[in-house]
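Participant: below are the sequence and a predicted model for it; my questions follow.
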Amino acid sequence: MYFSSLSIALKLAVTGFLLTLLLGCLSVATLIGLIYSDAHSGFHLPDIEKVASRYGESRLVGAMKTSMYDYVTADEDIATVERWVKQGALNDELFQKEVMTILRYDCESCHSRTSTKTDAINSMPLSGYDDVLQHTQQGYSWSEMAKAAHIHLYGIALLLFVVTLALAKSSCATMLKYGLITVGWLALWVDIASWWLAKYSIVFAYTLAAAGAIEIMILSFSSVLILVEMWWKLPDWIIKVKQR
């Protein structure tokens, strides 16, 4: 099936979906760059150390280094909390005199059961030792990781299936289609596997970032190819060689 032969109504429907998908890819890339960098606007490459912190360190320390960094008074505060976690996260003098003081000043205004602030996260209080201890496990908990992973797998798999199925029906060269489809699915699996493995080695923070970038590029490039074929004409080097 060549997309140029579709009716105008079908072209409009497919175009609307693909353009929305491209905007989504751009938004995801922008969001990831902002979360894993010190920037507040624009497009930025993620800082691998911040990626490793989110997945390989305790949830508390990882958040203080990434999404909650703007609310932390000083980097020394993060170092203090990190040192306490590495020493066993005990309800000791270090916790009572230093860690809780930092959390009360930097975090508790939002992370409290009774907070009425607009950005309050009442479900994640940091008001005492028992509350804080729940967020000192290395990386995301197994239940949190499983929940996020299955949502990500189902959502991205559905988008990837629709786009690669359409690509398979395009007039692109056979080997190009094989490559894009295969790499796209492999990237999704490596991405999810790296979520879990980054808890144990920073190496997988790199594979996580690379696989995620490849997913976005495959979805974007495939969408553009389909749009070009639908409304214009693909370059000769992309079109498959027809059998005589």
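Facilitator: Perfect, I can see it now.
Participant: in the chain, what helix or strand scores lowest on average pLDDT?
Facilitator: Within the chain, no helix or strand scores below helix 48-56, which has a mean of 73 by mean pLDDT, DSSP states H and E.
Participant: so which elements touch that helix?
Facilitator: Other elements packing on helix 48-56 under the criterion 3 or more CB pairs under 8 Å, 6 or more residues apart in numbering; DSSP states H and E are helix 59-65, helix 203-231. In this view, the C-beta of every residue, glycine as well, is placed from N, C-alpha and C.
Participant: can you list the weak-confidence ranges in this structure?
Facilitator: Low-confidence segments of the chain (pLDDT under 70): 1, 38-39, 139-141, 240-244.
Participant: just give me the residue closest to the centre of it.
Facilitator: With distances taken as CA atoms, centre = their mean, residue 32 lies nearest the centre of the chain, 5.9 Å away.
Participant: OK, contacts around that residue?
Facilitator: Listed by CB atoms under 8 Å, 6 or more residues apart in numbering, the contact set of residue 32 reads 46, 212.
Participant: what's the angle from the one helix or strand it maps to to helix 48-56?
Facilitator: Per DSSP states H and E, residue 32 falls inside helix 8-35. Between the axes of helix 8-35 and helix 48-56, defined by axes from the mean of the first three to the mean of the last three CA atoms, to 10 degrees, the angle is 100 degrees.
Participant: distance of residue 52 from residue 111?
Facilitator: From residue 52 over to residue 111 the distance is 23 Å, taken as CB to CB, to the nearest Å.
Participant: typo on my end, it should be residue 76
Facilitator: Residue 76 is 20 Å from residue 111, by CB to CB.
Participant: looking at those two, which one has more neighbours?
Facilitator: Per other CB atoms under 10 Å, whichever of residue 76 and residue 111 has more neighbours is residue 111, with 24 against 10.
Participant: can you confirm the more buried one is in a strand?
Facilitator: No. Assignment of residue 111 by DSSP: H, G, I helix; E, B strand; the rest coil gives coil, placing it outside any strand.
Participant: so what's it up against?
Facilitator: With contact set as CB under 8 Å, 6+ apart, residue 111 has these partners: 103, 120-121, 124-127.
Participant: and which of these is nearest residue 23?
Facilitator: residue 121 (28.2 Å; CB to CB).
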